[in-house]
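Peer 1: Just to be clear, the model below is a prediction. Sequence and coordinates:
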Amino acid sequence: AQSVAQPEDQVNVAEGNPLTVKCTYSVSGNPYLFWYVQYPNRGLQFLLKYITGDNLVKGSYGFEAEFNKSQTSFHLKKPSALVSDSALYFCAVRPMDSSYKLIFGSGTRLLVRP
Amino acid sequence: DAGVIQSPRHEVTEMGQEVTLRCKPISGHNSLFWYRQTMMRGLELLIYFNNNVPIDDSGMPEDRFSAKMPNASFSTLKIQPSEPRDSAVYFCASRAAQLGELFFGEGSRLTVL
């Protein structure tokens, strides 16, 4: 079955420290990969995507993610966390055999403490 | 651009009542999605429209749910009759191209008493 796993319900990090939010996937073929962020009482906002090409993808607000095909992972990273980064982060995968279906992970809550 | 616009933002209703949620996608986007978000089930795709035509409604929970897209700038999701288990946040999202990202509205929080 095709799936996305975000193994951590919550990630805690101090402001100024680097952060990593983990995502692994299980789909056939080479998927399209996305990260979204959701602030309280808001809709999901797009951060970045991997379609093809360079395995390191840079996105909004200083976030980046690295596609690792051998480990089937697409971890989200930021060199220096801000308190305002505190939110719910979703990894999503679109299998190549679908033009529209996004498989979302369960979400990881990021808490950046001052 | 104003983004994806949803209304109402909050709806509280009693069991058995009809609920209609509305969505205006971003102009020029030809794909529209309705999602439901709950703590227990996360994000679920309810229905997908492409060029105003429903392509995949396999996620619609049951016949009480229906969705329409009469034109490129408007879609509705209707629940009739509503039940307490329908309480959730319903999101509308639109997309411009097949490889593009989704743009989500702010959501409609539905509470059925």
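Peer 2: Okay, I see it.

Peer 1: so where's chain A uncertain?
Peer 2: Judged against pLDDT under 70, chain A has no low-scoring part.

Peer 1: OK, now which residue of it is nearest to chain B?
Peer 2: Chain B sits closest to residue A:43 of chain A, with a gap of 3.5 Å, by CB to the nearest CB. The C-beta positions use only the backbone N, C-alpha and C, and glycine is treated the same way.

Peer 1: Dihedrals phi and psi, that residue?
Peer 2: Per-residue torsions, residue A:43: phi -80, psi 170 (degrees, to the nearest 10).

Peer 1: Tell me which residues touch it, please.
Peer 2: Going by CB atoms under 8 Å, 6 or more residues apart in numbering or on different chains, residue A:43 touches B:4, B:91, B:93, B:104-107.

Peer 1: could you pick out which of the residues you listed are near chain A?
Peer 2: For chain A, the contacts drawn from the contacts of residue A:43 by CB under 8 Å from any CB of the partner chain are B:4, B:91, B:93, B:104-107.

Peer 1: Show me what from chain A comes close to chain B.
Peer 2: So far as CB under 8 Å from any CB goes, chain A lies against chain B at A:32, A:34, A:36, A:41-46, A:49, A:51, A:90, A:99-102, A:104-107.

Peer 1: So which other helices or strands are in contact with the helix or strand hosting residue B:22?
Peer 2: Using DSSP states H and E, residue B:22 sits in strand B:19-24. Helices and strands touching strand B:19-24, by 3 or more CB pairs under 8 Å, 6 or more residues apart in numbering or on different chains; DSSP states H and E, are strand B:5-7, strand B:10-13, strand B:74-79, strand B:88-95, strand B:108-112.

Peer 1: any low-confidence regions in chain B?
Peer 2: In chain B, residues with pLDDT under 70: B:1.

Peer 1: can you pull the contacts of the residue nearest to the spatial centre of it?
Peer 2: Taking CA atoms, centre = their mean as the criterion, residue B:34 is the residue nearest the geometric centre of chain B, at 3.3 Å. Residue B:34 makes contact with B:23, B:45-47, B:67, B:75, B:77, B:90-92, according to CB under 8 Å, 6+ apart.

Peer 1: Specify which member of those is nearest to residue A:7.
Peer 2: Nearest to residue A:7 among the contacts of residue B:34 is residue B:45, at 22.9 Å by CB to CB.

Peer 1: So what's the residue count around the closest one?
Peer 2: Counted with other CB atoms under 10 Å in any protein chain shown, residues neighbouring residue B:45 total 20.

Peer 1: could you list every residue that touches it?
Peer 2: Applying CB under 8 Å, 6+ apart, the residues contacting residue B:45 are A:101-102, B:33-35, B:56, B:59.

Peer 1: distance between the host helix or strand of it and the chain's centre?
Peer 2: Residue B:45 is part of strand B:42-50, with elements assigned from DSSP H and E. In terms of CA atoms, centre = their mean, to the nearest Å, the centre of strand B:42-50 is found 8 Å from the chain centre.
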